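Participant: let me see the structure of the following:
(one chain, ligands or ions: 1)
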Amino acid sequence: MPEVAHQTAVEQTFLDRAVARRGEILVDLDTEIAAAPADRDGQARAQVLRRRRTELRRARDGLVFGRLDALDGTVRHIGRVGLRQADDDAEPLVLDWRADAARPFYTATPLSPQGQARRRHIRTQGATVTDVSDEPLDGSSDSGLVGEGALLAALGQRRTGRMGTAISTLQREQDDIIRADASGALIVQGGPGTGKTVVALHRVAYLLFTYPQLAEQGVLVLGPSARFLEYIEQVLPALGETAVVSATCDTLLPGVVVERPESREVSEIKGRVVWQSLIEGLVASLVPEPRELRPRWEGEEFPVSAAKVAQMLTAVAGRPYHEARRVFSVQFRQIMVDAVVERREAMLTEVEEGFEDILATFRPGWDDGGPSPAVSGAEVDGQLSDGEIAELRDEIFASATVSGFLTAWWPDLSARDVLGRLLRDRALLSTVLPDDEIARVTDLPGSLAASDIPLLDAVADRLGPVTPDDPEGESVADRARRSREWVYGHVVVDEAQELSEMQWQMVLRRCPARSVTAVGDIDQAEASHRHTTWAGAVGAALGERWRPAELSICYRTPSEVMELTGPVLEKAGSSNRPPKAVRSSGVPPWSLATSPDDVAEVAARSVARLTERWAGGTVGVVAPASLMGVLPAALPGIPVMTAAEAKGLEWDATLVVDPDGISAEPRGWNGLYVALTRCTQELGQIVVTR
Ligand SMILES: Nc1ncnc2c1ncn2[C@@H]1O[C@H](COP(=O)(O)OP(=O)(O)OP(=O)(O)O)[C@@H](O)[C@H]1O
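Facilitator: Numbers count the residues shown, from 1 in each chain. Presented below is the predicted three-dimensional model:
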């Protein structure tokens, strides 16, 4: 039997064992979950087991994808999830790809073999091994790539329109970032196709595996658009992760949607960090001024002096508006309870003295030391019993009348009303904006644009919820999605170069511990903010408290296409160089010229040719916004989008229509850089001659 066939058979035997073991573990898990006690601890344990079961059920594909043969003869298989042996103390049958011991699979090289003699990639389809490829780590070959054959095979595959996992072919620089320490903010710069999204998503899986407590808080994945989230949405479940919420900055506020578009100029103004302190100042100023308060209880007034109110307001200063009111309200009601008790007791004392006087008229001398009447308690001793005080307290604390009194003086506020007030307050705006910019932000309709969302979030944050959140029987992800106040264990931001300063504030509010991984390409920035460096982009939010990392190899775009991008990047004003392409597709990029009148027809013909050539794969079209009226109608069933919309996506073949039109758009050279780098195989351009 030829060697490859023999080794394939060897791995098939191993895979059969792993499949059987997976089945056994699933049966054991079912039994354990069914037997879990109904108490709190039992249910918490059952939840962990259910998560494990989901992960195992999903691990049908890629159950085993790699093998490391160490110099000392130890053989380890690596897969999507770990599979323990029946004997818990034995070495695992399959190592989870995220385990430390699996790391050399991604990082060992002939120059630094880390005690390994050989790395093997095992390709499978379901429960069948289809191929094995070996890479000696003894120095006999070194391409600089990890598992070159498997990587190039993966990269050459047709694209499906959904992102796939790359766990079997992650490269060293990617692995370093995936396994980087979770604390603090990590900002990853990488050119197009360097695997930023791959790294971000695999990092989520790694972090959830390494720090299981993260699953209790959840991980937030922020992407640039709903289309992008759809593109990546298959990857995380495939990696086995369920404690993840994905969103865009526009959908982060539960129940709030963007209602209108907005000009770049206005959204740039509204994205600046100056709004943060403006909003903090405004909301703080909405807390009522101290004055004497005269609440009533059972028809009587119980005044609280202005000085006392001022003292209580000082004690709650700095808290969110509604929370401050809640704390104030507790103290205020307690003061009322004390005042009502005091007045009642004074009254009772009066009654008692009157009663004694009356008694004395009947039994002169008993209050001079004679036996007292056989009565006690509130009726006669001038004191309320503990039970009576507790009852009164409950009544005052639950009283709608007292609530109504407090709310009339210190009203509920809606974030939207406060934002509206802010955007109309020229005097306040003039403290941070010049006159011409004030006019731009005050002359807006009341409906919400995307740039209002972070402002609204900042207002909502300073207001706090009117009533605190009360979770009942919801999953972490559901609760996190529903509650604006949810604090995540980690936040991953993709296409982070697009975030405005105010959006960064919104992100950090969701993770005050700043455990953040942001990946992006500052050279692909299309957003209206003016930053061209990461220090500028994140400085307002993070200061210098972030660590940079870099990805330098382009896995998506073939070298033929990457060669075209250097001058475009230069025109975009960048001093960076495009990343180095890892492979060539052998298909030279091409270009056609046409007139504005014929552009739709020429595009349709070109797309038809590309679709035929890349049958079974995908073709996408990128064009300037000005062509969005005609092109989609001429290209039914084909994704047609602007460069901004195409960010993060990829197709086997891309047709870029009217590149000059794209470069003439705002931040257009950055846009063209994005458009040119979307293909995995072939790039065509249609130049419109005017
Ligand atoms: N180690 C890898 N193994 C297999 N495929 C990979 C690997 N790294 C990246 N890829 C593939 O390369 C392509 C580009 O990856 P990805 O989309 O993550 O890049 P990106 O840096 O986010 O790109 P862009 O900035 O252009 O959006 C994807 O098809 C991805 O699956």
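Participant: mind listing the helices for the stretch 1-150 of the chain?
Facilitator: For the stretch 1-150 of the chain, the helices defined by DSSP state H, counting those that start in this stretch occupy 3-35, 40-58, 104-107, 148-155.
Participant: the ligand: which of those is closest?
Facilitator: Nearest of the helices of the stretch 1-150 of the chain to the ligand, taken as Cβ to the nearest ligand atom: helix 148-155 at 4.3 Å. Where you see a C-beta, it was placed from the backbone N, CA and C, and this is true even at glycine.
Participant: quick check on the residue most central in space within the chain: phi, psi?
Facilitator: Of all residues in the chain, the one closest to the mean position by Cα atoms, centre = their mean is residue 220, 2.5 Å from it. Backbone torsions for residue 220, taken as degrees, to the nearest 10, come to phi -100, psi 130.
Participant: begin at 144 from now on, thanks
Facilitator: Happy to do that; since the first residue is 144 now, the last one works out to residue 363.
Participant: re earlier: the helices of the stretch 144-293 of the chain into a markdown table, with extra columns for distance to the ligand and mean neighbour count?
Facilitator: Listed next are the helices of the stretch 144-293 of the chain as a markdown table, based on distance: least, Cβ to the nearest ligand atom, whole Å; neighbours: other Cβ atoms under 10 Å:
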| stretch | distance to the ligand | mean neighbour count |
| --- | --- | --- |
| helix 146-178 | 20 | 14 |
| helix 183-201 | 19 | 15 |
| helix 247-250 | 9 | 22 |
| helix 291-298 | 4 | 18 |
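Participant: possible to save those as JSON lines with distance to residue 371 and mean pLDDT?
Facilitator: Below are the helices of the stretch 144-293 of the chain laid out as JSON lines (distance: least, Cβ to Cβ, whole Å; pLDDT from 0 to 100):
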{"stretch": "helix 146-178", "distance to residue 371": "33", "mean pLDDT": "94"}
{"stretch": "helix 183-201", "distance to residue 371": "22", "mean pLDDT": "86"}
{"stretch": "helix 247-250", "distance to residue 371": "26", "mean pLDDT": "92"}
{"stretch": "helix 291-298", "distance to residue 371": "20", "mean pLDDT": "78"}
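Participant: tell me the secondary structure at residue 549.
Facilitator: helix (DSSP: H, G, I helix; E, B strand; the rest coil).
Participant: name the residues of the stretch 644-793 of the chain found near the ligand, please.
Facilitator: For the stretch 644-793 of the chain, the contact set with the ligand under Cβ under 6 Å from any ligand atom comprises 664, 667, 698, 699, 791, 793.
Participant: now, the most widely separated pair of these?
Facilitator: 667 and 698 (15.9 Å; Cβ to Cβ).
Participant: can you pull the contacts of the closest residue to the ligand within the stretch 444-593 of the chain?
Facilitator: With Cβ to the nearest ligand atom as the measure, residue 593 is the residue of the stretch 444-593 of the chain nearest to the ligand, at 20.2 Å. Shown in contact with residue 593 (Cβ atoms under 8 Å, 6 or more residues apart in numbering): 392, 393, 401, 405, 410.
Participant: using the three-state scheme, assign it.
Facilitator: coil.
Participant: any idea how far it is from residue 752?
Facilitator: Using Cβ to Cβ, to the nearest Å, we find residue 593 at a distance of 37 Å from residue 752.
Participant: which ones are touching the closest residue to residue 778 other than its chain neighbours?
Facilitator: Once flanking residues are discounted, residue 778 sits nearest to residue 750: 5.6 Å by Cβ to Cβ, 6 or more residues apart in numbering. Residue 750 makes contact with 762, 764, 778, 781, 798, according to Cβ under 8 Å, 6+ apart.
Participant: residue 767 too?
Facilitator: Counting by Cβ under 8 Å, 6+ apart, residue 767 touches 785, 800, 801, 804, 805, 807, 808.
Participant: and with 7 Å instead?
Facilitator: Contact partners of residue 767, counting by Cβ atoms under 7 Å, 6 or more residues apart in numbering, are 785, 801, 804, 805, 808.
Participant: tell me how far the second one lies from residue 775.
Facilitator: Distance check for residue 801 against residue 775: by Cβ to Cβ, it reads 14 Å.
Participant: more crowded one of those two?
Facilitator: For residue 801 versus residue 775, neighbours defined as other Cβ atoms under 10 Å are more numerous around residue 801 (23 against 17).
Participant: is it true that that one touches residue 768?
Facilitator: No: under the criterion of Cβ atoms under 7 Å, residue 801 makes no contact with residue 768, lying 10.6 Å away.
Participant: burial count for residue 551?
Facilitator: 8.
Participant: pick out the most distant pair among the contacts of residue 593.
Facilitator: 392 and 405 (13.8 Å).
Participant: how about the strands in the stretch 644-793 of the chain?
Facilitator: 659-663, 689-694, 696-697, 723-724, 733-737, 762-765, 783-784 (DSSP state E, counting those that start in this stretch).
Participant: could those strands go into CSV alongside mean neighbour count and mean pLDDT?
Facilitator: Below are the strands of the stretch 644-793 of the chain laid out as CSV (neighbours: other Cβ atoms under 10 Å; pLDDT from 0 to 100):
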stretch, mean neighbour count, mean pLDDT
strand 659-663, 27, 96
strand 689-694, 16, 96
strand 696-697, 22, 94
strand 723-724, 17, 94
strand 733-737, 13, 97
strand 762-765, 28, 98
strand 783-784, 22, 96
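Participant: with that, I have no additional questions.
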